[in-house]
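Enquirer: Sequence and predicted model, in that order:
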Amino acid sequence: MLKRIASEYPDNPAQYSKNSAGVFEPLSYRSYYHLVLDFASGLLAIGETRGSRIGLISDNRAEWQHCSMAIMAIGGADVPRGCDANAREISYILRLPAVALQSWKMKPKCKKSSTADNPCRS
């Protein structure tokens, strides 16, 4: 569906997000689609495949949606959690899927919960 919409309405806004000045800027369907494809290609390059459960730990931001759509584009299952998760929650989540960390804010929590049987991937 995203491919079709990006083809039919490439210059229409797909998403708005605030820039560093706090002003909302549009992202076209063309750009959105290419961001999703780029991230999906990266997931495939690191060995993720259809059926992979991929954790996505992120602040509520535009990039979360791009990553989530890319995960679904390869046939993976998105296992989302916000950056407000505590170390215990992160430890539990890390035991389930491979994890894509979008926010560097999670690094300290991730390292805290990392063990031999619970690796923290970034």
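Expert: Received, thanks.

Enquirer: so how far is D59 from the residue nearest the centre of the chain?
Expert: In the chain, the C-alpha nearest the mean C-alpha coordinate belongs to C67, at 2.8 Å (Cα atoms, centre = their mean). Here the criterion is Cβ to Cβ, to the nearest Å. By it, C67 lies 12 Å from D59. C-beta coordinates here come from the backbone N, C-alpha and C atoms, glycine included.

Enquirer: Beyond the host helix or strand of Y32, next helix or strand please.
Expert: With secondary structure defined by DSSP states H and E, Y32 is part of helix 29-45. Next in sequence after helix 29-45, counting helices and strands by DSSP H and E, comes strand 53-58.

Enquirer: Could you check how far the residue nearest to the centre of the chain is from Y92?
Expert: When Cβ to Cβ is applied, the distance between C67 and Y92 equals 20 Å.

Enquirer: Ok, I54 next?
Expert: When distance is defined by Cβ to Cβ, I54 is 16 Å away from Y92.

Enquirer: The closest residue to D38 other than its chain neighbours: what secondary structure?
Expert: For D38, the nearest residue in space outside its immediate sequence neighbours is A70; the separation is 7.9 Å by Cβ to Cβ, 6 or more residues apart in numbering. Reducing the assignment at A70 to three states with DSSP: H, G, I helix; E, B strand; the rest coil gives helix.

Enquirer: can I assume A70 is in contact with E48?
Expert: No: under the criterion of Cβ atoms under 8 Å, A70 is not in contact with E48, lying 9.7 Å apart.

Enquirer: quick one, which of those two is more surrounded?
Expert: Between A70 and E48, A70 has the larger neighbour count (other Cβ atoms under 10 Å), namely 25 against 21.

Enquirer: Against L44, how distant is the more buried one?
Expert: In terms of Cβ to Cβ, A70 sits 10 Å off from L44.

Enquirer: give me every residue that touches the residue lying closest to F24 once chain neighbours are set aside.
Expert: With Cβ to Cβ, 6+ apart as the measure, Y16 is the residue that lies nearest to F24, at 4.6 Å, once sequence neighbours are left out. In this structure, Y16 makes contact with 24-27, judged by Cβ atoms under 8 Å, 6 or more residues apart in numbering.
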